[in-house]
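Asker: Dropping the sequence and predicted coords here.
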Amino acid sequence: MPEQESEGIIDKVKDAAGKVTDKVRDLFSDHGDKVDDAVDKAGDFVDDKTGDKYSEHVDKVQDAAHDAVDKLSGEDDKGGGAAK
């Protein structure tokens, strides 16, 4: 494949990835609270089913998920964030 052609393909892939990232950010900005609620419910479910045996680990995963939601929604840039 000629170098110029492969550079064009790479540019198209970067552009497509940027568009997907923008859509994901928009979705999380609009619905981040729902995702946070789902994360909390999932953690509560796991804690319930395991008798809180792994609650420390579940809490760490929940915190990481909440941080990811905040980052994707842009909340961490504003100093805000989801209630935990």
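Answerer: Alright, I've got the coordinates. Quick caveat, the model's predicted, so the values are computed rather than measured. Numbers count the residues shown, from 1 in each chain.

Asker: Could you point out the helix or strand that follows the strand or helix carrying Asp40?
Answerer: Per DSSP states H and E, Asp40 falls inside helix 3-50. Counting by DSSP H and E, the next helix or strand C-terminal to helix 3-50 is helix 55-73.

Asker: got the angle for the helix holding Asp40 vs helix 55-73?
Answerer: Between helix 3-50 and helix 55-73, the angle comes out at 140 degrees (axes from the mean of the first three to the mean of the last three Cα atoms, to 10 degrees).

Asker: Renumber starting at 32 from here on
Answerer: With the count now opening at 32, the last piece we talked about shows up as helix 34-81.

Asker: elements contacting helix 34-81?
Answerer: Where contact means 3 or more Cβ pairs under 8 Å, 6 or more residues apart in numbering; DSSP states H and E, helix 34-81 is packed against helix 86-104. All C-beta atoms are positioned from the backbone trio N, CA, C, and that covers glycine.

Asker: mean confidence for the helix it packs on?
Answerer: In this model, helix 86-104 carries a mean pLDDT of 93.

Asker: where's that helix relative to the chain centroid, distance-wise?
Answerer: From the chain centre to the centre of helix 86-104 is a distance of 9 Å (Cα atoms, centre = their mean, to the nearest Å).

Asker: do the same with stretch 45-64
Answerer: A distance of 10 Å separates the centroid of the chain from that of stretch 45-64, by Cα atoms, centre = their mean.

Asker: low-scoring stretches of the protein, by residue?
Answerer: Residues of the chain meeting the criterion pLDDT under 70: 32-36, 107-115.

Asker: quick one, phi/psi of Gly105?
Answerer: With angles defined as degrees, to the nearest 10, Gly105 sits at phi 90, psi 10.

Asker: how near is the residue nearest to it when sequence neighbours are not counted to Val100?
Answerer: Spatial nearest neighbour of Gly105, excluding adjacent residues (Cβ to Cβ, 6 or more residues apart in numbering): Ser60 at 6.1 Å. Distance of Ser60 to Val100, computed by Cβ to Cβ, to the nearest Å: 10 Å.
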